[in-house]
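Undergrad: starting from these lines, generate the structure:
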Amino acid sequence: MDTFRRLIFAIAVFMLAIIVFSLWRGGQEGYGLLNFLRGEKPGEEKFTSQATPKLDLEDVKVLSAMNDEFARLSAGVLPSVVSVTTRTVRRGQTAWHPFFGLVSGRPQVIPGLGSGAIISKEGHVVTNYHVIADVSEVMITTNDNKKYSASILGASVERDIALLKIEGGKQDFPALSFANSDQAKVGQLVFAVGNPFGLSGTVTQGIISARDRHLSDSQLDYLQTDTVINPGNSGGPLVNIRGEIVGINVAIYRGDENVRAWQGVGLAVPSNDAKTVIDAVLTQSKNVTSGYLGLELSSESVSIDASLGTSRVGAYVTDLDAGSPALTAGVAPGDVITALNNKPFKTPRELLDSIRQLPPGSGASLTVFRNGQIINVPVTIGRRPDAR
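TA: As a prediction, the model looks like this:
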């Protein structure tokens, strides 16, 4: 009997030793006595997923509505945004061969990529000039992945705007309309839409963060935005919350190249400037060169008293470019211009737009209010210097 008890006791001690040793080894690996008592097995990974979201849509009604509206806006705009693919064929270099003389190398084909926006049912597309500059072939890929050949109708090198036409005769393309960029405000929500890096249908959201308001025909205006504008977005539209084109995306300004920063400053050509180029291309055809007089104007219109001979509003001349056509013609700081070619205008910006539409070398007449008198100053429209 004693022998049997000793045997049972020895077995119990042995089993207890095994359990204690196993628990000790398991504890080294994150498995302890409490895990054992809970019935968990050593080495079993615990994973408890969250079955429900932290917030209900009723808790974020405004964000939920914005989410749906952003998606609705994107769905409405994307069918009108296209990919612009180009091919440029360059002649191979000519080299001298001791047996065959001058030998031409194989032609080099250079691909290019940008974005554009359809602006008419007939398939007119606006994009950046630099996207299609000196190319041999232009192809348009619509958002539904259909490909078309396109022709270049004309462009403005200065404004970096080009007008293309999708070939094939289709008359029902989905088109975007233009907003009045003069009414765009800092802080306004905008969306940059394009085809960066060949990825179809990319939309980034931001605001208009600043405006360049140069009231001069020698400076170019831009809308500054914090939306992400990648290289492939060039030529794509910057749209407002109504899906109207506020600007045409042109570039990312990264500042000092020695300063490493991923966050760039996006720039866009104001829609009014783009539309001016488009209208000129449609009426004049081919490339458009902006007229220039070298005027610096006050941003606010000046009213001329009717008792002084006119009831028109005018543009106050604050300065003139050195050697400019206006300075050569006799226009002086302090003059108030009230008409161009006997046509009045409503704002100084409208006057500058009218000057830009005149071809260089053509004659024009400025109606000027000076020292209580109305005089006519004949001028010759010049070619705008490269201020980009």
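
Undergrad: quick check: next helix or strand after the strand or helix carrying residue 151?
TA: Secondary structure assignment for residue 151, by DSSP states H and E: strand 147-156. Tracing the chain past strand 147-156, the next element assigned as helix or strand by DSSP H and E is strand 161-166.

Undergrad: hmm, back to that, could you tell me which residues within the strand holding residue 151 count as buried?
TA: Under the neighbour-count criterion of 16 or more other Cβ atoms under 10 Å, strand 147-156 has 148, 150, 152-156 buried. The way it works is simple: take the backbone N, C-alpha and C, and place the C-beta from them, glycine included.

Undergrad: strands paired with that strand, and their directions?
TA: Using DSSP bridges, the strands paired with strand 147-156 in its sheet are strand 137-141 (antiparallel), strand 161-166 (antiparallel).

Undergrad: nearest to residue 217, out of these?
TA: For residue 217, the closest of these is strand 161-166, at 16.4 Å, according to Cβ to Cβ.

Undergrad: packing partners of whichever helix or strand comes after that closest one?
TA: Counting by DSSP H and E, the next helix or strand C-terminal to strand 161-166 is strand 189-194. Helices and strands touching strand 189-194, by 3 or more Cβ pairs under 8 Å, 6 or more residues apart in numbering; DSSP states H and E, are helix 61-77, strand 108-118, strand 202-211, strand 237-239, strand 245-253.

Undergrad: can you list the strands that strand 189-194 pairs with?
TA: According to DSSP bridges, strand 189-194 forms sheet pairs with strand 202-211 (antiparallel), strand 237-239 (antiparallel).

Undergrad: tell me the most buried of the ones you listed?
TA: Among these, strand 237-239 has the highest mean neighbour count (mean count of other Cβ atoms under 10 Å), at a mean of 32.

Undergrad: can you list contacts of it?
TA: For strand 237-239, contacts defined as Cβ atoms under 8 Å, 6 or more residues apart in numbering pick out 73, 77, 80-81, 117, 126, 176, 190-194, 223, 225, 227, 245-249, 268.

Undergrad: try stretch 54-74
TA: Outside stretch 54-74, the residues touching it (Cβ under 8 Å, 6+ apart) are 191, 193, 201, 203, 205, 239, 241, 243.

Undergrad: the second one - nearest residue in space that isn't next to it in sequence?
TA: Okay, so that is residue 193. Using Cβ to Cβ, 6 or more residues apart in numbering and skipping residues adjacent in sequence, the residue nearest residue 193 is residue 81, 4.8 Å away.

Undergrad: give me the neighbour count for the one you found.
TA: 28 (other Cβ atoms under 10 Å).

Undergrad: so who does it touch?
TA: 115-118, 143, 193-195, 201, 236-237.

Undergrad: ok, of the residues you listed, which one's closest to residue 383?
TA: Distance to residue 383 across the contacts of residue 81 (Cβ to Cβ) is lowest for residue 116, with 27.3 Å.

Undergrad: surely the closest one meets residue 127?
TA: Yes: with contact defined as Cβ atoms under 8 Å, residue 116 reaches residue 127; the gap is 3.7 Å.
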